[in-house]
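S.K.: Dropping the sequence and predicted coords here.
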Amino acid sequence: MESKLSLAEFRARLQHNTEIGSLKATLGQVRVFPVSGAVKPFYGLFDDKSFHLTTNSISSSTPFSIKGKYKNINNTLKVDYVVELNNKFQLLWSRYFPIVLILAITIFFLFFARGLRRASTIVNLFLLFMAFYSRWKEERKRKKLEQKFLRIFELKKD
């Protein structure tokens with residue numbers, strides 16, 4: 001992708017919009033951010049050629065990060081990036097745990113609570129709704145992170 005910014009402007013925006021810190025600095029599943037100072041939209045690390053950023057938020061962290069490289073070619077800033085998962089376990093958990101839970105509850109109601117078949121249907125429908133909602137919400141977080149990145153760094157597709 002190409003940026004409308006020069007190399008110096010791009011680096012300045014990286015510096016002004018990024019809270020410096022390692023993406024691996026976690027406390028359980030929640031990152032610990034400094035409370036003082038202005039809130040910057042991104043959290044991560046960058047250098048003269050590459051960056052690795054995620055959303056800077058205490059309350060609603062995202063499992064996605066933006067990793068990429070940038071360079072100046074013929075007075076045009078080229079930025080190559082990918083939106084990837086921080087933790088592969090989160091992907092497995094969000095995709096497969098609802099299915100395992102639905103199967104486990106169905107088996108429980110089939111073998112141990114035979115008189116509560118109507119309740120099993122309601123519980124399974126609720127779990128299906130939650131599974132689809134969680135996938136939709138994670139995809140929405142990924143898109144918002146990418147849109148924020150594109151907007152702040154004024155990137156356009158080739």
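M.R.: In hand now; what should we look at?
S.K.: how far away is residue 15 from residue 95?
M.R.: Using Cβ to Cβ, to the nearest Å, one gets 36 Å for the distance from residue 15 to residue 95. Placement of C-beta: from N, CA and C, glycine included.
S.K.: Could I get the contacting residues of residue 69?
M.R.: By Cβ atoms under 8 Å, 6 or more residues apart in numbering, the residues touching residue 69 are 49-51, 79-81.
S.K.: Now the strand or helix carrying residue 79: average pLDDT?
M.R.: According to DSSP states H and E, residue 79 maps onto strand 76-85. Average pLDDT, strand 76-85: 91.
S.K.: show me the residues around the residue positioned nearest the centre of the chain that make contact.
M.R.: When Cα atoms, centre = their mean is applied to the chain, the residue found nearest the centroid is residue 64 (2.5 Å). Applying Cβ under 8 Å, 6+ apart to residue 64 gives the contacts 54, 83-86, 141-142, 145.
S.K.: how about the helices of the protein, start to end?
M.R.: Taking DSSP state H as the test, the helices found in the chain are 7-17, 88-111, 117-152.
S.K.: Select from these the stretch with the lowest mean pLDDT.
M.R.: Looking at those, the bottom one is helix 88-111 with a mean of 81.
S.K.: Please enumerate residues in contact with it?
M.R.: For helix 88-111, the external contacting residues (Cβ under 8 Å, 6+ apart) are 63, 85, 116-117, 119-120, 123-124, 127-128, 130-131, 134-135, 138.
S.K.: Are any of the residues you listed buried, and if so which?
M.R.: The neighbour count (16 or more other Cβ atoms under 10 Å) marks 63, 120, 123-124, 127, 131, 138 as buried among the contacts of helix 88-111.
S.K.: Most widely separated two among these?
M.R.: Maximum pairwise distance among the buried ones among the contacts of helix 88-111 (Cβ to Cβ): 30.9 Å, between 63 and 120.
S.K.: that older thread, any chance of CSV for the helices of the chain, columns distance to residue 68?
M.R.: Shown next, in CSV, are the helices of the chain (distance: least, Cβ to Cβ, whole Å):
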stretch, distance to residue 68
helix 7-17, 11
helix 88-111, 19
helix 117-152, 9
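S.K.: looking at those, which is closest to residue 75?
M.R.: Nearest to residue 75 among these is helix 7-17 (9.2 Å), distances taken as Cβ to Cβ.
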